[in-house]
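In: Sequence and predicted structure below; questions after.
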Amino acid sequence: MPTAERTGPVVARALQILGAFTPDRRALTLSELSRYAGLPVSTVHRLAADLVAWGALERDQAGCYHIGLRLWEIGSLAPRGLGLREAALPYLEDLSQVTRENVQLAVREGTEVVFVERIAGSKAVPVLTRVGGRFALTATGVGLVLLAHAPDDVREQVLSGPIKRYTERTMTTPHLVRAALADTRARGYAISDRQVTMDAVSVAAPIHGPEGEVVAAVSLVVHYGSASPHALAPLVRTSARAISRALMTARP
């Protein structure tokens, strides 16, 4: 069998093993890896040994497998994560210090939000998001910003499928989401009012890349009732513009 034909399936199976890990499944036994990856135990045992040797997986004294540090090191090289985060971090920290609230930075990956950075305020409202975590585009402030500026086909794909409900305030009908997206484009920022949890409101603004395209979004997440979202919007938009300028300056 040609090398390419042998390598392809092996790589796919290795990715199935790595894909078995989730935020709720951070440590897996060999049998659990086999079950969640949908592969025979013998195959998982052989490939997991290779992944451990390379550093993509680690194995603890109890015999459970974990994602390895080397995989995190490689992942941190992704330009949309590392470069964006480095350019944005000073402004995210400024926004956090001024408000003492949760500050988040996110990008769109397909039909989901991926959080690149999050700074938690000392007394800020608890949030469900985490760095590297994914979320629906229709619920969060950053998601609404990114969906509002996404290509038409992406927007239609999101709105034509099931829209996940998180709280009684979550918009789950396409016409309501479309109206929110139109408002977001018109005023330059999005508001997610108790759509993810009933005690939190998010205000988000778009970050533009060197060509003027929206490449990311920044948000503040505050306790519901603690401040007017519209009063917070200028702070968020100022941070977004500063990050956009930093990305322009950093352009090769």
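Out: That came in fine, so what should we check first? From a predicted model like this one, the values you see are computed outputs, not experimental measurements.
In: Dump the C-alpha coordinates for the helix or strand containing Val218 into PDB.
Out: Secondary structure from DSSP states H and E places Val218 in strand 214-223. What follows is strand 214-223, C-alpha atoms only, in PDB (Å, rounded to 0.1, in the frame of the first residue of the first chain):
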ATOM      1  CA  VAL A 214     -14.200  41.800  11.000                       C
ATOM      2  CA  VAL A 215     -11.700  39.200  12.400                       C
ATOM      3  CA  ALA A 216     -12.700  39.100  16.100                       C
ATOM      4  CA  ALA A 217     -14.900  40.600  18.800                       C
ATOM      5  CA  VAL A 218     -14.300  41.900  22.300                       C
ATOM      6  CA  SER A 219     -16.900  42.000  25.100                       C
ATOM      7  CA  LEU A 220     -17.700  43.000  28.600                       C
ATOM      8  CA  VAL A 221     -19.800  40.600  30.700                       C
ATOM      9  CA  VAL A 222     -21.500  42.300  33.700                       C
ATOM     10  CA  HIS A 223     -24.100  41.500  36.300                       C
END
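In: mean confidence score for it?
Out: Averaged over strand 214-223, pLDDT sits at 94.
In: Which strands border it, and is each parallel or antiparallel?
Out: Partners of strand 214-223 in the sheet, by DSSP bridges, are strand 102-109 (antiparallel), strand 200-208 (antiparallel).
In: contacting residues around the first one?
Out: This means strand 102-109. Strand 102-109 has contacts (C-beta atoms under 8 Å, 6 or more residues apart in numbering) with 80-81, 84-85, 88, 92, 95-96, 113-121, 124-125, 127, 129, 134, 137, 140, 142-143, 146-147, 150, 154, 202, 204, 215-222. C-betas here are computed from N, CA, C, even on glycine.
In: on that earlier part again, residues of the strand holding Val218 that come out buried?
Out: Going by neighbour count (16 or more other C-beta atoms under 10 Å), the buried part of strand 214-223 is 214-222.
In: Kindly report the same for stretch 129-148.
Out: 129, 134-148.
In: any idea which of the buried residues of strand 214-223 is the one closest to Asp60?
Out: Minimum distance to Asp60 across the buried residues of strand 214-223 is 34.2 Å, recorded for Val221 (C-beta to C-beta).
In: so that closest one makes contact with Thr197?
Out: No: Val221 is not in contact with Thr197 according to C-beta atoms under 8 Å; the separation is 9.3 Å.
In: Overlap of the contact sets of these two?
Out: 125, 127.
In: so which strand or helix has the residue nearest the centre of the chain?
Out: The chain has Val114 as the residue nearest its centroid, 1.5 Å off, counting by C-alpha atoms, centre = their mean. Per DSSP H and E, Val114 falls inside strand 112-119.
In: which parts of that strand are buried?
Out: Neighbour counts over strand 112-119 (16+ other C-beta under 10 Å) mark 112-119 as buried.
In: ok, what's across the strand from Glu109?
Out: Going by DSSP bridges, Glu109 forms beta bridges with Glu112.
In: how close does it sit to Gly143?
Out: 11 Å (C-beta to C-beta, to the nearest Å).
In: which SSE is Gly83 in?
Out: With DSSP H and E as the test, Gly83 turns up in helix 79-99.
In: now the helices for the stretch 51-200 of the chain?
Out: Applying DSSP state H, counting those that start in this stretch to the stretch 51-200 of the chain gives helices spanning 69-75, 79-99, 141-148, 152-160, 174-187.
In: winner for burial among these?
Out: The highest mean neighbour count among the helices of the stretch 51-200 of the chain, using mean count of other C-beta atoms under 10 Å, belongs to helix 141-148: a mean of 29.
In: Tell me which other helices or strands it touches.
Out: Of the remaining helices and strands, those touching helix 141-148 by 3 or more C-beta pairs under 8 Å, 6 or more residues apart in numbering; DSSP states H and E are strand 102-109, strand 112-119, helix 152-160, helix 174-187, strand 190-193, strand 200-208, strand 214-223.
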